[in-house]
Structure formats: structure tokens, C-alpha cells
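> A predicted structure for the sequence below; I have some questions about it.
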Amino acid sequence: MPIVAHNDLPTFQRLLQEGQTVLSTDRALHQEIRELHIGLLNMMPDAALEATERQFFRLVGESNPIAQFYVHPFTLDGLPRGDKARAHIDRFYDSFEQLRAEGLDALIITGANVTGTDLSREPFWDPLIQVIDWAAENVTTTLCSCLATHAVMQFRYGQTRIRQPNKIWGVFPHRVVEKHHPLVCDVNTRFDVPHSRWNDVSRAQFEAAGLHVLVESEQAGVHLAVSPDGMRLVFFQGHPEYDTISLLKEYKRDLLLHAQGRLEHPPPFPDNYFRPHEQAILREYSRRLTDAVARGGPVPEFPEGLVSASLDNTWHDTAEAVVGNWMGCMYQVTHRERSKPFMDGLDPDDPLGLREVWSKR
């Protein structure tokens, strides 16, 4: 069943305009089907707050027909916010205290922008630990995205991300390396995932922490890994939730930051993303931008329309499948946990029954 519009969040109207089915609360109440509640801890900065919200809502709404999904966005008080974002949060977001009292079936934690190399000095550090510690005892499964993965790897497993000489930026081919896990059931064995990060947690670090790597790339490293039980913690290093134009938006941002003197070097092109014709358009724009800044003239309009029309999306279908599998596993375990016969035989360390499969590897 589709996602449920349980408040007036503008994202629900946007999804309707895209052609997705979104149930009103009144309609949902008349459906003979279970409801599941997913928290979305959105730590992204103001400029990306609503886009990130839409991306994850879209994946949840498209991914699985087995239940009615209520997605509850919330954020952390320590993150700096402008007036517009604060008004959006105050009107449409829940508080962590409210969700903690009401309970969640699953949790998604987005990435975040950081100002330094030491994550433990970031304003989200202590509040994020509080959320993760609560979720470990009270939520069936938590999905961590990019920076959230790095933070959890540091404070829970003592594995600190490593700064790379070059930014891992672009759309990279990946392979499924553990084909027996339910998260990658019926998923293409090779597929693309966007990445956008300077730092990396390596396969050796994931394995040293006792985690299982499911998907990786020769160029971009580990994308998908899980905790030893198979689902309590799910880690993304890439950004399968990205829109087709997300990397284009990042390129535009960095190009303008360089023109303003706030970024030392102009951004390279994201790998495997722009075709030669579009690269030529962007090189010409970069020259015009540099000349305009040197003359003190107005910034020329970025040619987004000329470039975006030819961009391919080679990752969304697989992202939808993986998230759908994740929600299916969550549904399976929460359904069993709520029935007495299952609770009598439940192994909390192996809720998906993977121990025997992994022991034979």
C-alpha cells in the first residue's frame, strides 16, 4: 500500500503531482491492512532539507505494497537552521521526544554537512548518539545514509573514516557480493549508485567491526553493509536516494563557491555522469562565469536545462528494490514479534535466520 499523508507536509502534494498514490489519513483508516511507522531523521542543511525529505519519502512510497507506511520526519535541535527551514520544521516535523513516546517500527538517518574532520566535534554528535542508542533497543531496523554511516561506525565500532586524496564523486558501478541476503533478493547483481564524499570507511574496517558487506564498487568502495544479525543496522555509503539532477546541483553549487573564492579549486566533473557534449557546455559556462566575476558583472545563468535533459538515472529502480526489501524484512520481523508463537522462538541475534547461511560461506 502507499505512503499515508498524515499531515499537510508539502512533500505529499509533490508526490501526488509526480503520479504517486498517496493516501489521506481518512482513507487509510478504512483500509484493512497493517500500518507501519518509519522515522526520518533529516540532518541535511537548509538548502537540501526538503529535497532530501522528498527523496526518502519517494523511495518509501514506491517500494513496497505490503502495508501502509507513515513516515515521520524529525531533526536534531543542535543543527543550525535559518528562519525558513525552522518554520518548515516547526510546522511539519515531529520531535524526537514525541516519536520516542509513540514508538517507531523503523528509522532512516540521512547524511549531514560537516565543518571539520572530527565528527565528534559536530553539533549533531551527542544528540545523534542518543537517537541511535534509543533505536538499538526500541526500533526493529535503522538505515544509515552516508555521513550517518560514518558517525555510527566511529562511535559504535571505533572505526574512523579516512580522508581520500580525491573526492569520491559520481555514478559508479557496483556488484552484489553477498547474494543470499534478503536485502538484495531479486536485485540486479550489477548496478549503479551515486556517491558524493571525501571520506571512506573501507571493507576492512566494516569487517573488523564484525559487519557484513553486501554491495561494493571497485572505484567507490563499500556501498551496502549490515550488522551481524542482518538488519538491525543497515549502512549506505552511497546515495541511492538521489534524484537524477542531484549531482548536477552539487556541481553548480561548487562551481559558484569557487567563483566566489570560497572553494580553492573548481570542481571536477562527477565520474560517469555528464556526456562529452554536456561537459563542453559546462566548460563554456565556467569560462563565462570566471570572466563575469573578474569584470564585476552579473553571474550568468547556469545552463541547467541544457544539461539536465540528457542525464540518465541508472540507479533508482535498484534503490527502490533494496528499500522495498528492507521494508519487507522490517514488516516480517515486526509482524512476528507481535505474535506470541513467534516471540517464543525468536532469536534476537538472528531475526532473518541468516546465521546458518553465513556460516557456510
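Cool, got the structure. Worth saying up front: this structure is predicted, and the values here are computed from it rather than measured.

> Tell me where the model's unsure across the stretch 151-300 of the chain.
In the predicted model of the stretch 151-300 of the chain, no residue satisfies pLDDT under 70.

> What segments of it are helices?
Taking DSSP state H, counting those that start in this stretch as the criterion, the stretch 151-300 of the chain contains helices spanning 203-208, 246-259, 276-295.

> Only C-alpha atoms, please: export the last one in PDB.
Right, helix 276-295. Extracted C-alpha coordinates of helix 276-295, given in PDB (Å, rounded to 0.1, in the frame of the first residue of the first chain):
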ATOM      1  CA  PRO A 276      31.000  15.000 -23.600                       C
ATOM      2  CA  HIS A 277      28.500  17.400 -25.100                       C
ATOM      3  CA  GLU A 278      27.300  18.500 -21.700                       C
ATOM      4  CA  GLN A 279      30.800  18.700 -20.400                       C
ATOM      5  CA  ALA A 280      31.600  21.200 -23.200                       C
ATOM      6  CA  ILE A 281      28.500  23.300 -22.300                       C
ATOM      7  CA  LEU A 282      29.700  23.400 -18.700                       C
ATOM      8  CA  ARG A 283      33.300  24.300 -19.600                       C
ATOM      9  CA  GLU A 284      32.000  27.200 -21.600                       C
ATOM     10  CA  TYR A 285      29.800  28.300 -18.800                       C
ATOM     11  CA  SER A 286      32.700  28.100 -16.400                       C
ATOM     12  CA  ARG A 287      34.800  30.400 -18.600                       C
ATOM     13  CA  ARG A 288      31.900  32.900 -18.800                       C
ATOM     14  CA  LEU A 289      31.400  32.800 -15.100                       C
ATOM     15  CA  THR A 290      35.100  33.400 -14.500                       C
ATOM     16  CA  ASP A 291      35.100  36.400 -16.900                       C
ATOM     17  CA  ALA A 292      31.900  37.800 -15.300                       C
ATOM     18  CA  VAL A 293      33.400  37.600 -11.800                       C
ATOM     19  CA  ALA A 294      36.700  39.200 -13.000                       C
ATOM     20  CA  ARG A 295      34.800  42.100 -14.500                       C
END
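
> Quick one: list the elements packing against it.
Under the contact criterion of 3 or more Cβ pairs under 8 Å, 6 or more residues apart in numbering; DSSP states H and E, helix 276-295 touches helix 246-259, helix 304-308. To be clear about C-beta, it is placed using only N, CA and C from the backbone, and glycine gets the same treatment.

> For the helices of the stretch 151-300 of the chain, give me CSV that also has mean neighbour count and distance to residue 352.
Formatted as CSV, those follow (neighbours: other Cβ atoms under 10 Å; distance: least, Cβ to Cβ, whole Å):
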stretch, mean neighbour count, distance to residue 352
helix 203-208, 16, 18
helix 246-259, 18, 31
helix 276-295, 14, 43
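
> Compare those helices and report which one is nearest to residue 219.
Of all these, helix 203-208 sits nearest to residue 219, with 13.3 Å by Cβ to Cβ.

> What helices and strands are in contact with that closest one?
The elements that helix 203-208 packs onto, with contact taken as 3+ Cβ pairs under 8 Å, 6+ apart, are helix 147-157, strand 212-217, strand 221-226.

> ok, now which ones touch the closest residue to residue 103 other than its chain neighbours?
Setting aside the residues directly before and after it, residue 103 is nearest to residue 138 in space (Cβ to Cβ, 6 or more residues apart in numbering), at 6.8 Å. Neighbour list for residue 138: 100, 103-104 [criterion: Cβ atoms under 8 Å, 6 or more residues apart in numbering].

> same thing with residue 319?
With Cβ under 8 Å, 6+ apart, residue 319 has these contacts: 59, 193, 240-241.

> Can you add distance to residue 181 and mean neighbour count and give the helices and strands packed on helix 203-208 back as a markdown table?
What follows is these, written out as a markdown table (distance: least, Cβ to Cβ, whole Å; neighbours: other Cβ atoms under 10 Å):
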| stretch | distance to residue 181 | mean neighbour count |
| --- | --- | --- |
| helix 147-157 | 17 | 22 |
| strand 212-217 | 5 | 22 |
| strand 221-226 | 7 | 25 |
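
> Make a markdown table out of these and add distance to residue 328.
Shown next, in a markdown table, are the helices and strands packed on helix 203-208 (distance: least, Cβ to Cβ, whole Å):
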| stretch | distance to residue 328 |
| --- | --- |
| helix 147-157 | 22 |
| strand 212-217 | 15 |
| strand 221-226 | 14 |
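
> Quick one: closest of the ones you listed to residue 293.
That would be helix 147-157 among the helices and strands packed on helix 203-208, by Cβ to Cβ, at 30.9 Å.

> Residues contacting that closest one, please?
41, 43, 109-114, 119-120, 124-125, 128-129, 132, 144, 159-161, 197, 199, 201, 205-206, 208-211, 233, 235-237.
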